[in-house]
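Chemist: Pasted the sequence and its predicted model underneath.
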Protein chains: 2
Amino acid sequence: MSQLVGNLLVAQSGGPTAAINASVAGVVTEAGRHPDTIEEIYGGLNGIYGILNEEIIDIQEEQRATIDALRFAPAAALGTCRYKIDFKKKPEKAAQDMDRLFEVFKAHNIRYFFYAGGNDSQDTSHKIHLEAEKRGWEMRVIGVPKTIDNDLPHTDSCPGYGSAIKYCATTVREVGMDVASMATDDGSCCIIEVMGRSAGWIAAGTVLAKGGNPANPPHIVLLPEIQYDVDEFVAKVKETIAAYGYCVVVVGEGIKNKAGEEIGADKTRLDAFGHPVLAGAAEKLKDYIQEKLNTKTRTVMLGYAQRAAAHWASLTDINNGFACGEAAVRAAVGGQSGYMVKIVRNPTPNGTIEWSTGLQPLGDIANVEHFVPREWIAEDGFLPNQEFVNYAGPLIEGEVRPRMVNGLPDYVRLTKNKVEKVLPPRG
Amino acid sequence: MSQLVGNLLVAQSGGPTAAINASVAGVVTEAGRHPDTIEEIYGGLNGIYGILNEEIIDIQEEQRATIDALRFAPAAALGTCRYKIDFKKKPEKAAQDMDRLFEVFKAHNIRYFFYAGGNDSQDTSHKIHLEAEKRGWEMRVIGVPKTIDNDLPHTDSCPGYGSAIKYCATTVREVGMDVASMATDDGSCCIIEVMGRSAGWIAAGTVLAKGGNPANPPHIVLLPEIQYDVDEFVAKVKETIAAYGYCVVVVGEGIKNKAGEEIGADKTRLDAFGHPVLAGAAEKLKDYIQEKLNTKTRTVMLGYAQRAAAHWASLTDINNGFACGEAAVRAAVGGQSGYMVKIVRNPTPNGTIEWSTGLQPLGDIANVEHFVPREWIAEDGFLPNQEFVNYAGPLIEGEVRPRMVNGLPDYVRLTKNKVEKVLPPRG
């Protein structure tokens, strides 16, 4: 293995999670262990979007305590973006972007590049890795997994997911107890909408709130992987209320009806990747229930709160996120490039789980979505089963203790000392 | 003072809070200190609604550890209801209900009655107190304050409020950091909707997330006390995005436009008290912003989660809730009736707050709403000011540590051993 001496650049992409900063902390911490190889530790602001504008900070100027505390801070400490280098739809723009990226890499002697993100971001990392080879710029590129959606393939799970479902399952348990305690003659229903456009991992994860008791909420979990007959759903709600006096439903935002249409889609608006913006599956279902059953129905829409809730993160998740960052640097210093770090689950004989990391070629990851397996969902589609519980349970173990000031979590922020720009502004 | 020997009945009413069980724990704990006076400690299930059906449990059969843990459990452990004894609209039904209530009280020798609730429930307590005097049934009736809405008069604050705003302010801070970290060319906006039909205490409380920094979220807080010009609001959002690149807005569900109409009202549906169901102020404002500014806007609707989030309760709030329960029993055993316990704030010379309790005649409380004072809101109406911060800050101090099992809070539940019914079923 050849020793490659130069600078490191780490950046974040896509929606933040409660664990994405833990991965950056892992990268920075591990990088500090290789002073002969890694000279400067840089952070790219707002992912590719900022790097194209040469927006780079010097992370070594941050205090060590800041990096330690970064593990427990929400949002993307370096800033993030939704920016795609799209050779298919915009080949000319994509080629320009790629040229510019390598100008920036060369100008700052970037030899190690780490990008924390989901499907789209792993695709970006893969393209950068291939371009580096093509251009003969020796640079080690490793993707770091990140997404509350948990939809990356080949990895046991994605940093961010465990924290999201710990928070969502806690909310479902608390709201469930609240709804159960309000007596009415006609029963009541509460629908909690969580994120998940095409994969239902987050919605499924709330099944942990049951604690193994079928009478406990959530009573129904609707996943985007299944196409639902709305009348069957309403019948299930009615049956649940008859049994328990109330019904708590969790819906993934991207759930579909029998015709395969997204129930909550607002087709008038598109996101940065051209997908219709989803909003309102819970509201739509509420209308159905109130119309068909005349049952008092309320909704909760956690939105960004579920990916930002660092006050209630899973320590297992934070530790795995940190380990992914460390492993990325170890792999790169060891000569690897073009891989994503993956989390590996190692069950021990005493029933606990030990976690390690592995590497998977980025080409296997990019733009492949991993769905909740059909065999982990009850036959009628209305609840994840015990196999899912066995999978998800270990991901929410362990608590964090944020530093509190005046009754609120006092999350660390980077001072962000900018590295001097040396290139002319982007054309 | 005459010693009144007999049984105690405690019940809960209205929407649950994270502190309502702390008050019951306070009642039960204090009652245990007066064994010569209080013979049996009963709980009424689902408030008046259950008591009318003689649904009563024996709380002395619960384990002591259960009562201790009750302080930290969400929802209403005894069950709750929204049931009004309405002499104005339904005088005949109300008279029947009152007769039945006193049949139940007499059948179980209830001499001490404690009802934890908000405005409507204090009104119920007041009526029961007056009826007891009229009927010559010696019984001490004390109301225990409870509401996340914080809209009861004469008390410094209401148990449940501090926990609700600790959770909501934490959410605003976390979501704010998340939104801030996502770079876009056009800026972005996030609207977080919280409860509060006519009083904006909860929305106002999220201003604590700023931590004194004007640049920090929330940037705009809309309160039901103010009538807003929607165009002025949109201009404020635009100005905020120009300054910071993003804008976090918090809205109380009952906010009104210049014409005084509730922006989120769904006039097609009424609640149990005949008020229109509110849902969607945030969605309505999102539509305005997207239409006028073409700015990417997302919403969070915390719904029941904000009153059920016992995992993030304020210890000050829990302690005050417990103290109100204790004080209610002390007052009643001391011969008082017809009062609500109120929380009293005692600033110390070193700047900290000590809390005590007092008594206020129920007649001063019932159906009176306490609003955020106009002088605690900035002149333009878009943010609570420092005077509000000085008021609300102490209410969120201190953390709870729920018992965790398998990564989730393991909240206690009462076993609810029923007291045998002795009356014929309600007619």
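Modeler: That came through, no problem.
Chemist: list the contacts for the nearest residue to A:Gly32 once chain neighbours are set aside?
Modeler: Nearest non-adjacent residue to A:Gly32, counting by Cβ to Cβ, 6 or more residues apart in numbering or on different chains: A:Ile41, 7.4 Å away. C-beta: built from backbone N, CA, C; applies to glycine. Contacts for A:Ile41 (Cβ atoms under 8 Å, 6 or more residues apart in numbering or on different chains) come out as A:Asn7, A:Leu8, A:Val10, A:Val28, A:Ala31, A:Gly32, A:Asp58, A:Ile59, A:Gln60.
Chemist: pretty sure the first one belongs to a helix, no?
Modeler: In other words, A:Asn7. No: counting by DSSP: H, G, I helix; E, B strand; the rest coil, A:Asn7 is not part of a helix but strand.
Chemist: measure the residue nearest to it when sequence neighbours are not counted to A:Leu414 for me?
Modeler: Excluding the flanking residues, the one nearest A:Asn7 by Cβ to Cβ, 6+ apart is A:Glu40, at 4.1 Å. Distance, A:Glu40 to A:Leu414, using Cβ to Cβ, to the nearest Å: 16 Å.
Chemist: so where do the helices sit in the stretch 51-200 of chain A?
Modeler: For the stretch 51-200 of chain A, applying DSSP state H, counting those that start in this stretch gives helices covering A:64-70, A:91-107, A:119-135, A:161-180.
Chemist: now those in JSON lines, with mean pLDDT and mean neighbour count?
Modeler: Formatted as JSON lines, the helices of the stretch 51-200 of chain A follow (pLDDT from 0 to 100; neighbours: other Cβ atoms under 10 Å in any protein chain shown):
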{"stretch": "helix A:64-70", "mean pLDDT": "96", "mean neighbour count": "17"}
{"stretch": "helix A:91-107", "mean pLDDT": "97", "mean neighbour count": "16"}
{"stretch": "helix A:119-135", "mean pLDDT": "96", "mean neighbour count": "21"}
{"stretch": "helix A:161-180", "mean pLDDT": "98", "mean neighbour count": "29"}
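Chemist: ok, for the residue most central in space within chain A, nearest residue in space, not its chain neighbours?
Modeler: Centroid-nearest residue in chain A, with Cα atoms, centre = their mean: A:Thr147, separated by 1.5 Å. Leaving aside its sequence neighbours, A:Thr147 sits nearest to A:Gly118 (Cβ to Cβ, 6+ apart; 3.7 Å).
Chemist: Would you agree the one you found is in contact with A:Pro153?
Modeler: No: taking contacts as Cβ atoms under 8 Å, A:Gly118 lies outside contact range of A:Pro153: 11.5 Å.
Chemist: Could you list the low-confidence segments of chain A?
Modeler: A:1-2, A:266-279 (pLDDT under 70).
Chemist: distance of A:Ala308 from B:Leu9?
Modeler: In terms of Cβ to Cβ, A:Ala308 sits 43 Å off from B:Leu9.
Chemist: Which one's more surrounded, these two?
Modeler: Using other Cβ atoms under 10 Å in any protein chain shown, the more surrounded residue of A:Ala308 and B:Leu9 is A:Ala308, with 30 against 26.
Chemist: hang on, the earlier thing: give me the secondary structure label for the residue nearest to A:Asn7.
Modeler: strand.
Chemist: Much appreciated, bye for now.
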